[in-house]
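Student: Just the structure for this:
(chains A and B)
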Amino acid sequence: DSGVTQTPKHLITATGQRVTLRCSPRSGDLSVYWYQQSLDQGLQFLIQYYNGEERAKGNILERFSAQQFPDLHSELNLSSLELGDSALYFCASRATGGRNNEQFFGPGTRLTVL
Amino acid sequence: SQKIEQNSEALNIQEGKTATLTCNYTNYSPAYLQWYRQDPGRGPVFLLLIRENEKEKRKERLKVTFDTTLKQSLFHITASQPADSATYLCALDPGSNYQLIWGAGTKLIIKP
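Tutor: I've put the predicted structure just below:
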């Protein structure tokens, strides 16, 4: 158990809909990362937050947005969903104190868009 | 362009042998490189980190090397076991921000 929690585990929805994925980092971790992993593909970095502020942005579509709240949990919002958005979405947190600290990943949310 | 590459083909190794996985990168000068293990449908799990000034790092049956001249890291699993079967990802710090750049991973299959 990494200490990072994600809900829900599975999400099935239709094209055009909007969903929210939730992540709670490890206790004390200020950084949260969001990744997308499509079937048999590598991890695609989406966005990073640090203590409530956006720190880095990757290949995140304009239809996607995220935020980190004062209690450090984070939410990833996906709107106008398309079939191609079906993927595993992972959240990871990183220990504070060193940029080379490893990332701890949650169990992921499997999103299926029908 | 900047790239990080891992062998996309699955690596089949006989149990008990040493498995060696490769991570090559171009146009980066990473301060460190990390290796992770990912099982199907689960999040990656950190294994080892190696810094640019370290040639080799070991942890139990795992060994990582880092050659900044060749721009390559090798990941070795000695005395491999079927339980080592998984996808192994390398990730490097490009130095420009706090994100990691990830390879696509190599699937390792250890046959009994």
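Student: What score does the residue nearest in space to the middle of chain A have for pLDDT?
Tutor: Nearest residue to the geometric centre of chain A (Cα atoms, centre = their mean): A:Trp34, 3.1 Å. At A:Trp34, the model reports a pLDDT of 97.
Student: So for it, what's the nearest residue that isn't a sequence neighbour?
Tutor: Counting by Cβ to Cβ, 6 or more residues apart in numbering or on different chains, A:Leu46 is the residue found nearest to A:Trp34 once chain neighbours are left out, at 4.3 Å. In short, each C-beta sits where N, CA and C put it, glycine included.
Student: Now do the SS call for the one you found.
Tutor: strand (DSSP: H, G, I helix; E, B strand; the rest coil).
Student: show me what contacts the residue in chain A that chain B sits nearest to?
Tutor: Closest approach between chain A and chain B, counting by Cβ to the nearest Cβ: A:Phe105, at 3.0 Å. By Cβ atoms under 8 Å, 6 or more residues apart in numbering or on different chains, the contact set of A:Phe105 is A:Ser2, A:Val4, A:Phe90, A:Cys91, A:Ala92, B:Gly43, B:Pro44, B:Val45.
Student: still on that earlier bit, can you tell me the SS state at the residue nearest to the centre of chain A?
Tutor: strand.
Student: which bits of chain B sit near chain A?
Tutor: By Cβ under 8 Å from any Cβ of the partner chain, the residues of chain B that approach chain A are B:31-32, B:34, B:41-46, B:49, B:51, B:89, B:93, B:97-105.
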